[in-house]
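J.: Predicted model and sequence follow; I will ask about them next.
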Amino acid sequence: MRQQAEAAAKANNGVTTSVNEDGVIEHEKARPIFSIIRDMDRVCTDMDLYYRRITYRFLPEYADAVQQLADSLPKQATSEDDDSDDSITQQSQYSLIDKGEFIQLQVPEAFEQEVNKRLAKFGIDEQTVTHPVTPKYVKLIATLKEFFPEGKQIIFTDEKTQHQKLKRIICNALNLEPSKVGILNAQTVAEAGKTGKKLKAVKPPKELPDEPTDAQIAKYNEQMALYDAYIAQQNEMSLGGLEKIAADFQEGRTPIIICNKKAEVGINLHRGTTDIHHLTLPWTPASIAQRNGRGARVGSNRASVRVHYYCGKGSFDEYRLKTLKRKAGWISDILRSDKSEMENADANDMIEMQMYTAKDDGERLAMMQVQMDKAKAAQRARQKEQATIDLQNYIKAQHAAGEDVEVLTAELERSKAELEKTTAEVAKFKQAVMAKAADNADWKARWGSVHHTDRTLLAQYRASLKSAIQRKANISQAISRYEKLLNRTQKAATDIKRLRPLVEDAINKGILDVDPDLVNHASEFLVIGDRSWRVGQYYDCAGDIVRIKSLDFDSQRADVEIIFTFKGTKSGNWDVKTLDKQVDVTPDEDAVMQKISGGVSIAGINDIISCDDFYRFQQRGMIKITDSYGVQTTESGYSIDFVGTYTDPLKHAVYPDRRDGALKSSIAKWVLGMMSEGNNRQIRSAETFLVELFGSNYGDVIASYGDTLSPEAIQEKIADAIARMPEKTSQGATRNGDSELEVTNAIFGTNEFRASDYEITTAQFGTIGIYSNKDEIKQSMDAASARIAAERKANLNHAVSALTQSWVTAIREAATTGKITPAIADVVNDGSKFMDAYKMDAVQLPSAYGQLSYRMTYNLVSMFSDLAILGLVDLNEVTPELLSMRKNHVEILQRINTVSCRAHRLKRNRPTLIG
């Protein structure tokens, strides 16, 4: 039963949960605490009472008579409740056992009256009948034997089913006649008050409906009158029976009386009373006082009356007795009833009920502490609930106090005027829709269809009506909001004055867990449940940092300013519930966040944020490089990484701190290393970073961090580069510069002499940017290249001079022969005719001597010897210098062309003789 009591105490909505041996969770209805306590009280009093049976003990000589008595019992019997119309019916199931010293008969407790009234019939002397005596009854008998000779005894037990049984035990133990022991309960009072006429029970009338008819009222009054008369007669009979039983005790006919609650009021049992015995205890101190007052009253001939309490060891009787001394307002009794199950009474008394089921004082104290903690928590919860209401009203009033009454009034009047206008529009469009719909319906009925333009016009009217209705609803809401706000604003001062001390006290006592600053700045706050928001607070919204600019109490929304974002989020009006992650942001951090919001370029970053801020915010994932590439630190040094629009921010980007000499040195050496490896493309990708760190002349600055190459080493590398130069390039240039191709190119000017064909570059020398004296190295390289070019040029000039000298000699020899080149001789054979042919394109110079569009060389010896023979060129003009350059050839041809054109014009203008 203690386990049942613990389960009932822990039950959730009357249902207990347990795990059986198979690990399956089981749910079942918990027994009511009151019913469990009732059973514990029965066990402590008499096990027969718990099992709802009665055990008789007869003398052995009555064995046959007892058997006959048992056989004559009816199949079922019913016992009535003490103070109600409830009854319990039990089936006849008896047990008859010969114990040797006595004959034992066990029957259901409802059969007690049936057995008792058959005793005389079967010749059994009632005074010889007894029952098993429980420890509590043993103690009672011992006390009665001690004090009964001194005076009358009153015995209280709330278990009515024990009254007759207890009477037989007492009579047998004290050797008393049954008539000497009285019983006072509802049943015996009723029997004593009988006048020979049995009252017919009358039930109370049913309640009237909410709107009864006259007939129903008349019938109700009639039934109520009958019920009142029945109750009056019942009370009269009860009073008569009660007085008769009391008289028997007072006058000494029944010096021992067994009672229950029926004896608490309306009866005097004080004459000659010396002892009062409580086998069971009531639930209230008033009841115990009433019971004791029956025997200890004014007029008693005894100076004092002894009171005996019988508490079972290990039961809750002792605790209940202590509780009765301090308890007030306890629940109605439960032990007087014969119900097998009692529902829990007032829930406020559940704590006391659980205390009764405790196994000892230690457990009881622990339970009391738990209940005290619960009570405190409940009180705290109620205080918090009220404080929360006060807080909301205080904040609401503070928000309203900041409103401008004149502005609100003006907005209200404007909205009302707008509502009137919009209402007229709704009526107008509604009329238009109805008229057009009717017109279209009429047209369709007459012609079978509606024109497209008419359908469109009706749709437009309906859309306009819908829009006007929506505007009207919005304006109506605005008017309602303005009216509420205006009313709130007008009484805000009074509400603030009333609520401020309440809110402040709740905060000081810890009932409200809010910022104490709210008391003085409530208009800046909004509180919903356990969460609060304040103007100026910052929140992290999925990576965006926003700041509350203002709060609206009614809509529970906030105007927020975007301080930082990667996603392009815009400032706006947000539901405050979306602001769920508050963050601390200092004014300096606010300024930095706004600068880096959306990302930042490394270019000019020294002028935007400091190095410390850069790394601090990068650690928080708030630095995003907007350049195409960024420089990052790695385990081995640095790297250049691509930065895309949709890639994650670089986690280890390097801040180009111009003041950090160590960083400059480290970056310079890293760049010099890439240069030595030929990774110039990567270096160009990092140009934005390098310019920000070193300046626009970052190349020179970085070179200054390199090693210095000695003059000897420079010359050694130059010599090595020269030694590795090829004898001939893919374009035909040679190391000496005097090849046939180079000489031809020089004379005919198809490709002029290029010193760069054999220059010393970094391709031969190696990267010079890694050396701090790169300018010195470059000068040495240029000087060596100039020497090589001069040598090649001298060789070329010598070769050209020798070749053209040989051509001059050949031209003179050819001219002395007077023979013109055969290809030319076929066209003309003298100078004048040659020029005519030249002008008429019959002879083309210098194509006639081998020049082609893809080959610019031609036979200078043949051309100039022919020109000399034809008298167009003086042999003295033909020199090595003339032949060494194409422009000289061209000048001779241009001169010949000029002379030829002039001669041709003279010939064309001469008069013609006609014969």
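T.: Arrived safely, thanks for sending.
J.: Low-confidence regions, the stretch 1-150 of the chain specifically.
T.: The stretch 1-150 of the chain contains residues with pLDDT under 70 at 1-14, 16-27, 81-86.
J.: do that again at 90, thanks
T.: Applying pLDDT under 90 to the stretch 1-150 of the chain flags residues 1-52, 77-94, 126-127.
J.: so where's the stretch 451-600 of the chain shaky on pLDDT?
T.: By pLDDT under 90, the weakly predicted segments of the stretch 451-600 of the chain are 480-497, 529-530, 542, 553-554, 566-568, 580.
J.: the helices in it, which residues?
T.: Assigned by DSSP state H, counting those that start in this stretch, the stretch 451-600 of the chain shows helices spanning 452-490, 492-508, 587-596.
J.: Ok, which of those helices comes nearest Ala438?
T.: helix 452-490 (10.3 Å; Cβ to Cβ). For glycine as for every other residue, the C-beta is placed from the backbone atoms N, C-alpha and C.
J.: quick one: stretch 860-880 to chain centroid distance?
T.: 104 Å (Cα atoms, centre = their mean, to the nearest Å).
J.: swap in stretch 160-177?
T.: Distance, stretch centre to chain centre, for stretch 160-177: 73 Å (Cα atoms, centre = their mean).
J.: try stretch 107-124
T.: 75 Å.
J.: what does that stretch rub up against?
T.: 48-49, 52-54, 56, 58, 62, 65-66, 68-70, 72-74, 76-79, 88-95, 105, 125-126, 129, 161, 164-165 (Cβ atoms under 8 Å, 6 or more residues apart in numbering).
J.: in that stretch, what counts as buried?
T.: Val107, Pro108, Glu109, Ala110, Phe111, Glu112, Glu114, Val115, Asn116, Arg118, Leu119, Ile124 (16 or more other Cβ atoms under 10 Å).
J.: a markdown table for the helices of the stretch 451-600 of the chain, including distance to Gln431 and mean neighbour count?
T.: Conversion of the helices of the stretch 451-600 of the chain to a markdown table gives the following (distance: least, Cβ to Cβ, whole Å; neighbours: other Cβ atoms under 10 Å):
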| stretch | distance to Gln431 | mean neighbour count |
| --- | --- | --- |
| helix 452-490 | 9 | 15 |
| helix 492-508 | 44 | 16 |
| helix 587-596 | 55 | 16 |
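J.: would you turn the ones you listed into CSV with distance to Gln619?
T.: As requested, the helices of the stretch 451-600 of the chain are exported to CSV (distance: least, Cβ to Cβ, whole Å):
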stretch, distance to Gln619
helix 452-490, 46
helix 492-508, 37
helix 587-596, 13
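J.: Looking at these, spot the one closest to Ala381.
T.: Ala381 lies closest, by Cβ to Cβ, to one member of these: helix 492-508, at 13.0 Å.
J.: what sits up against the closest one?
T.: If you take Cβ under 8 Å, 6+ apart as the criterion, helix 492-508 is touched by 383-384, 387, 390-391, 393-394, 396-398, 400-401, 512, 514, 516, 518-519, 522.
J.: Work out which residue lies at the spatial centre of this protein.
T.: By Cα atoms, centre = their mean, the chain has its centre lying nearest to Asp580, at 7.7 Å.
J.: My read is that that one contacts Tyr539, right?
T.: Yes. Counting by Cβ atoms under 8 Å, Asp580 does reach Tyr539; the two are 7.4 Å apart.
J.: Can you say which of the contacts of stretch 107-124 are buried?
T.: Buried by 16+ other Cβ under 10 Å: 48-49, 52-54, 56, 58, 62, 65-66, 69-70, 73, 77, 79, 88, 90, 94, 105, 129, 161, 164-165, out of these.
J.: thinking again about what came up before, if I look at the residue nearest to the centre of the chain, how far off is Gln537?
T.: Look at Asp580 and Gln537: by Cβ to Cβ, to the nearest Å, they are 12 Å apart.
J.: Any stretches of the stretch 301-450 of the chain with poor pLDDT?
T.: Scanning the stretch 301-450 of the chain for pLDDT under 90 picks out the ranges 301-304, 311-380, 396-409, 412, 448, 450.
J.: Do a quick rundown of the helices in it.
T.: Using DSSP H, counting those that start in this stretch, helices in the stretch 301-450 of the chain cover 317-324, 350-356, 361-401, 405-447.
J.: residues in contact with Asn859?
T.: Tyr849, Gly850.
J.: phi, psi of Ile718?
T.: When read as degrees, to the nearest 10, the backbone of Ile718 gives phi -60, psi -40.
J.: Tell me how far it lies from Leu96.
T.: 138 Å.
J.: ditto for Glu716
T.: Glu716 sits at a distance of 136 Å from Leu96 (criterion: Cβ to Cβ).
J.: who has more neighbours, those two?
T.: Leu96 (17 against 12; other Cβ atoms under 10 Å).
J.: hang on, that one in a helix?
T.: No. Assessed with DSSP: H, G, I helix; E, B strand; the rest coil, Leu96 is strand; it does not lie in a helix.
J.: Could you verify my assumption that it touches Gln68?
T.: No. Counting by Cβ under 8 Å, Leu96 does not reach Gln68; the two are 10.8 Å apart.
J.: mind listing what His652 touches?
T.: Gln618, Gln632, Thr633, Thr634.
J.: In ChimeraX, how would I select just the buried ones from the residues you listed?
T.: Listed next is the ChimeraX selection for buried residues among the contacts of His652, using 16+ other Cβ under 10 Å:
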select :618,632
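J.: so, if you compare the contacts of His652, which one comes nearest to Thr586?
T.: Checking these one by one against Thr586 (Cβ to Cβ), the nearest turns out to be Gln618, at 17.5 Å.
J.: correct me, but the closest one touches Val654?
T.: No. Applying Cβ under 8 Å, one finds Gln618 not in contact with Val654, separated by 9.9 Å.
J.: Could you name every residue contacting both of these two?
T.: Residues touching both Gln618 and Val654 (Cβ under 8 Å, 6+ apart): none.
J.: Find the helix or strand that Arg118 is a member of.
T.: Applying DSSP states H and E as the criterion places Arg118 outside every helix and strand.
J.: Report the separation between it and Ala65.
T.: To Ala65, Arg118 is 9 Å away according to Cβ to Cβ.
J.: Equivalent analysis for Leu96, please.
T.: Separation of Leu96 from Ala65 (Cβ to Cβ) stands at 12 Å.
J.: Can you list which of the buried ones among the contacts of stretch 107-124 are found in helices?
T.: When helices are assigned by DSSP state H, the members of those inside them are Asp48, Leu49, Ala65, Val66, Leu69, Ala70, Gln164, Lys165.
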